[in-house]
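Undergrad: below is the structure, and that's it, no one-letter string:
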């Protein structure tokens with residue numbers, strides 16, 4: 001196991017691709033302009049990029065795991081076409097209506113802890129980025145850095161709440177500017 005290093009934890013729908021509510025068709029996926037270029041900059045800086053996504057449409061029976069995987073592959077292809085990639089993807093497939101609540105639905109931290117254990121990541125020096133408050137709240141749990149990137153689908157209450165202890169950026173690109181400026185001068189290369 002290598003020494004722990006910071007990562008960037010990204011939400012998917014509304015942060016990387018356009019959120020059409022329960023994104024379930026690969027042929028309808030559209031990347032948010034500039035998202036692939038922002039991720040490519042993190043890749044070039046050897047910063048692990050990990051997607052953590054609530055996919056409650058699976059638990060609600062709105063789409064299958066197979067359809068989710070088709071969308072994930074399509075996003076990977078679209079990122080690759082622009083010279084970008086994500087290092088790992090973790091999802092919560094559960095409906096928020098199920099009781100007791102699971103430990104993996106954001107803002108719960110199980111998926112982040114699993115990613116950290118599997119990839120040698122330091123949760124306290126990492127960055128948590130998304131278009132909803134639940135995407136960045138784990139930063140508070142880990143005493144780390146959270147950046148809200150509001151979209152037209154972001155609830156106003158999330159923006160107001162994010163002003164207390166989190167950064168707000170107008171795009172994923174400007175969030176990455178902030179992240180790269182805040183990282184140590186030397187980020188160890190992958191696999192070192």
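TA: Nice, thanks for sending it over. This structure is a prediction, so every number in the text was calculated from the model and none was measured. Numbers count the residues shown, from 1 in each chain.
Undergrad: check the offset of the helix or strand of the chain with the lowest mean pLDDT from the chain's centre.
TA: When the helices and strands of the chain are scored by mean pLDDT, DSSP states H and E, helix 56-59 comes last with a mean of 85. Put simply, helix 56-59 sits 18 Å off its chain's centre (Cα atoms, centre = their mean, to the nearest Å).
Undergrad: what lies in contact with that helix?
TA: For helix 56-59, the external contacting residues (Cβ atoms under 8 Å, 6 or more residues apart in numbering) are 22, 24, 63-65, 68, 91-96, 98, 105. Every residue, glycine included, has its C-beta placed from N, CA and C.
Undergrad: 7 Å instead?
TA: Around helix 56-59, the neighbours that count as contacts under Cβ atoms under 7 Å, 6 or more residues apart in numbering are 22, 24, 63, 65, 68, 93-96, 98.
Undergrad: tell me which two in those are the farthest apart.
TA: 24 and 98 (19.4 Å; Cβ to Cβ).
Undergrad: the more surrounded of those two?
TA: Just comparing residue 24 and residue 98: by other Cβ atoms under 10 Å the higher neighbour count belongs to residue 24, 18 against 12.
Undergrad: what are the ranges of the strands in the chain?
TA: Assigned by DSSP state E, the chain shows strands spanning 8-10, 49-54, 88-92, 127-130, 145-148, 167-168.
Undergrad: export those strands to CSV and tack on mean pLDDT and distance to residue 72?
TA: Converted to CSV, those look like this (pLDDT from 0 to 100; distance: least, Cβ to Cβ, whole Å):
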stretch, mean pLDDT, distance to residue 72
strand 8-10, 98, 13
strand 49-54, 97, 9
strand 88-92, 96, 6
strand 127-130, 98, 17
strand 145-148, 97, 23
strand 167-168, 96, 28
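Undergrad: tell me which of these lies nearest to residue 37.
TA: Nearest to residue 37, of those and by Cβ to Cβ, is strand 49-54 at 12.9 Å.
Undergrad: partners of the closest one in the sheet?
TA: When sheet partners are counted by DSSP bridges, strand 49-54 sits next to strand 8-10 (parallel), strand 88-92 (parallel).
Undergrad: buried deepest among these, which one?
TA: Across the strands paired with strand 49-54, averaging neighbours per residue (mean count of other Cβ atoms under 10 Å) puts strand 8-10 on top, at a mean of 28.
Undergrad: so what touches stretch 131-150?
TA: For stretch 131-150, the surrounding residues in contact (Cβ under 7 Å, 6+ apart) are 11, 14-15, 106-107, 109, 112, 123-130, 151, 153-154, 158-159, 161-162, 165-169, 171-172, 175, 178, 182.
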